[in-house]
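Visitor: Got a predicted model here, sequence first, then my questions.
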Amino acid sequence: MTKIERLKQEAREAARIKGHRLGRFRESVITAEGPAPGQRPAAVAVCQVCGAMAVVAPAPARDEPEILGEAVQWECFGIEREGHETA
Ligand SMILES: [Zn+2]
């Protein structure tokens with residue numbers, strides 16, 4: 001398993017614990033600011049319930065996380081509606 005695949009799995013699990021339902025990861029880039037600005041390769045998935053993003057960055061700058069995004073930080077606002085979805 002490649003590193004980014006492992007990170008995707010970790011991010012998906014972290015988001016699932018928060019109640020999110022992530023869609024497929026797609027390749028992307030993130031634009032970093034701060035001490036090491038620039039663009040980094042990344043993969044992004046969006047929660048199909050609330051739209052929160054989970055982002056994995058296999059090659060972050062020092063002090064930057066490999067997994068970030070709203071979906072791994074905050075609970076899904078749809079978590080209380082579990083079981084009542086039609087989609
Ligand atoms: Zn969500």
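Guide: Thanks, I have the structure now. Since the model is a prediction, treat every value here as computed from it, not as a measurement.

Visitor: Please count neighbours and contacts with C-alpha atoms only from this point.
Guide: Fine.

Visitor: Compute the distance between the residue nearest the centre of the chain and G19, please.
Guide: Taking Cα atoms, centre = their mean, the centroid of the chain lies closest to A54, which sits 1.3 Å from it. The gap separating A54 from G19 is 13 Å, by Cα to Cα, to the nearest Å.

Visitor: mind listing the helices in the chain by residue range?
Guide: 3-17, 70-73 (DSSP state H).

Visitor: buried sites along the first one?
Guide: So that's helix 3-17. 4, 7-8, 11-16 (16 or more other Cα atoms under 10 Å).

Visitor: got the residues you listed as CSV, with distance to V29 columns?
Guide: CSV is the format used below for these (distance: Cα to Cα, whole Å):
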residue, distance to V29
I4, 13
L7, 15
K8, 15
A11, 16
R12, 18
E13, 21
A14, 21
A15, 20
R16, 23
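
Visitor: Kindly indicate which of those lies nearest the ion.
Guide: A15 (7.9 Å; Cα to the ion).

Visitor: In the chain, what helix or strand scores lowest on average pLDDT?
Guide: strand 26-32 (a mean of 91; mean pLDDT, DSSP states H and E).

Visitor: With just CA atoms, put that one into PDB.
Guide: Taking Å, rounded to 0.1, in the frame of the first residue of the first chain, the C-alpha atoms of strand 26-32 are listed here in PDB:
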ATOM      1  CA  ARG A  26      -9.800  12.700  -6.000                       C
ATOM      2  CA  GLU A  27      -6.300  13.900  -6.700                       C
ATOM      3  CA  SER A  28      -5.800  17.600  -6.000                       C
ATOM      4  CA  VAL A  29      -3.400  20.100  -4.800                       C
ATOM      5  CA  ILE A  30      -3.400  22.200  -1.700                       C
ATOM      6  CA  THR A  31      -1.900  25.700  -1.500                       C
ATOM      7  CA  ALA A  32       0.000  26.200   1.700                       C
END
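
Visitor: Can you work out which other helices and strands pack against it?
Guide: strand 38-46 (3 or more Cα pairs under 8 Å, 6 or more residues apart in numbering; DSSP states H and E).

Visitor: Could you list the paired strands of the strand it packs on along with their orientation?
Guide: strand 26-32 (antiparallel), strand 53-56 (antiparallel) (DSSP bridges).
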